[in-house]
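Asker: Sharing a model that was predicted from the sequence below.
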Amino acid sequence: QVQLQESGPGLVKPSQTLSLTCTVSGSSITSSYYAWNWIRQAPEKGLEWMGVINYDGSTDYSPSLKSRTSISRDTSKSQFSLQLSSVTPEDTAVYYCARQRYQVPVDWGQGTQVTVSS
């Protein structure tokens, strides 16, 4: 059974870079069956897809966030990571990592709250 666990600072100052890591167990992040997503939900808003890293390491990003987002991975640790630069209070959200199959995120981490505030 796959498990995904987000980790990282819960508080980030404006203009800094938000960095989160998702640790995966029970599944290989290099398996061609899956892709690995970052998704967030701001207070009183819907889910927002941020980007994905595929089994081969290729990435794709939301157009609205592409200029500030980077997703990478460490296959030796079964981890993939999110970096979001130049954050503002509008980036305050619960951040989720999720495993995708057939274009749908089906397995999710529990989420981690990130607040952007000075």
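Answerer: Looks like it arrived, so ask away.
Asker: which residues sit against the helix or strand of the chain with the lowest mean pLDDT?
Answerer: Across the helices and strands of the chain, mean pLDDT, DSSP states H and E gives its lowest value to strand 104-108, namely a mean of 94. Identification of contacts with strand 104-108 by Cβ atoms under 8 Å, 6 or more residues apart in numbering yields 2, 4, 27, 37, 39, 96-100. Placement of C-beta: from N, CA and C, glycine included.
Asker: so what strands line up beside it?
Answerer: In the sheet, strand 104-108 lines up against strand 93-101 (antiparallel) (DSSP bridges).
Asker: center of the chain - which residue?
Answerer: In the chain, the residue lying closest to the centroid (Cα atoms, centre = their mean) is W38, at 2.7 Å.
Asker: Any idea how many residues pack against the closest residue in space to T88 that isn't next to it in sequence?
Answerer: Nearest residue to T88 in three dimensions, chain neighbours excluded: P14, at 5.7 Å (Cβ to Cβ, 6 or more residues apart in numbering). If you count neighbours by other Cβ atoms under 10 Å, P14 ends up with 13.
Asker: What distance do you get for P14 to A98?
Answerer: Distance, P14 to A98, by Cβ to Cβ, to the nearest Å: 27 Å.
Asker: try W38
Answerer: When distance is defined by Cβ to Cβ, W38 is 8 Å away from A98.
Asker: neighbours of T17, just the number please.
Answerer: 13.
Asker: for D60, same thing?
Answerer: When counting by other Cβ under 10 Å, one arrives at 14 neighbours for D60.
Asker: Any idea how far the strand or helix carrying it is from the middle of the chain?
Answerer: According to DSSP states H and E, D60 maps onto strand 59-61. Distance of strand 59-61 from the chain centroid (Cα atoms, centre = their mean, to the nearest Å) equals 11 Å.
Asker: Neighbouring strands - and their directions - for it?
Answerer: strand 47-54 (antiparallel).
Asker: where does the strand it pairs with sit relative to the chain's centre, distance-wise?
Answerer: 7 Å.
Asker: which strands and helices sit next to the next helix or strand after the strand holding D60?
Answerer: Moving toward the C-terminus from strand 59-61, the next helix or strand (DSSP H and E) is strand 69-74. Under the contact criterion of 3 or more Cβ pairs under 8 Å, 6 or more residues apart in numbering; DSSP states H and E, strand 69-74 touches strand 35-41, strand 47-54, strand 59-61, strand 79-84.
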